[in-house]
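Visitor: with the sequence up front, the predicted model follows.
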Amino acid sequence: HGGSAAPSELPQFKPIDSLKGVDHLKRKTLASLRTQQTMAGTISFVANQRLFRLRELRQDTQDTLHERDVLLETKRKQLDNLKIFITPAVRDLNSLLDAL
């Protein structure tokens, strides 16, 4: 009974090794998930910033378009007023030319 056991008779502690493996895998997975979470957070932050900037740009564009519409309406009224003055003057000129 005092002799050394043959290698094939030594107990195999595979469960412990595989538990270590599971633990290692769990740590790696958690680290990977944390990294992905951080990346997702960064992407979300950047996307929100861009969305905010796009909304600002849209508002600026709408404001600019409104200003342009107001300006165009003002110019149209000025042209209408000019027409009111010019039309009789042209008529008078034509009458004078006809009389010559």
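Guide: Cool, the structure landed.
Visitor: tell me which stretches of this structure form helices.
Guide: Secondary structure of the chain, counting by DSSP state H: helices at 14-99.
Visitor: can you list the low-confidence ranges for it?
Guide: 1-8, 10-19 (pLDDT under 70).
Visitor: recalculate using a threshold of 80.
Guide: Scanning the chain with the threshold set as pLDDT under 80 gives 1-22.
Visitor: near Ile86, how many other residues are there?
Guide: 11 (other CB atoms under 10 Å). No exception for glycine: its C-beta is placed from N, CA and C like everyone else's.
Visitor: now swap in Thr38 and tell me
Guide: The number of residues near Thr38, taken as other CB under 10 Å, comes to 10.
Visitor: now swap in Arg50 and tell me
Guide: Going by other CB under 10 Å, the residues that sit close to Arg50 add up to 10.
Visitor: look up how far Ile84 lies from it.
Guide: Taking CB to CB, to the nearest Å as the measure, Arg50 and Ile84 are separated by 51 Å.
Visitor: got it, and Thr42?
Guide: Plainly put, Thr42 is 63 Å away from Ile84 if you go by CB to CB.
Visitor: with Gln36 instead?
Guide: Gln36 is 71 Å from Ile84, by CB to CB.
Visitor: and if you look at Lys20?
Guide: For Lys20, the distance to Ile84 (CB to CB) stands at 95 Å.
Visitor: what do you get for Leu100?
Guide: 27 Å.
Visitor: ok, the two, which is more surrounded?
Guide: The neighbour comparison of Leu100 against Ile84 (other CB under 10 Å) goes to Ile84, with 9 against 4.
Visitor: now the more buried one: how far from Gln78?
Guide: Distance from Ile84 to Gln78, by CB to CB: 11 Å.
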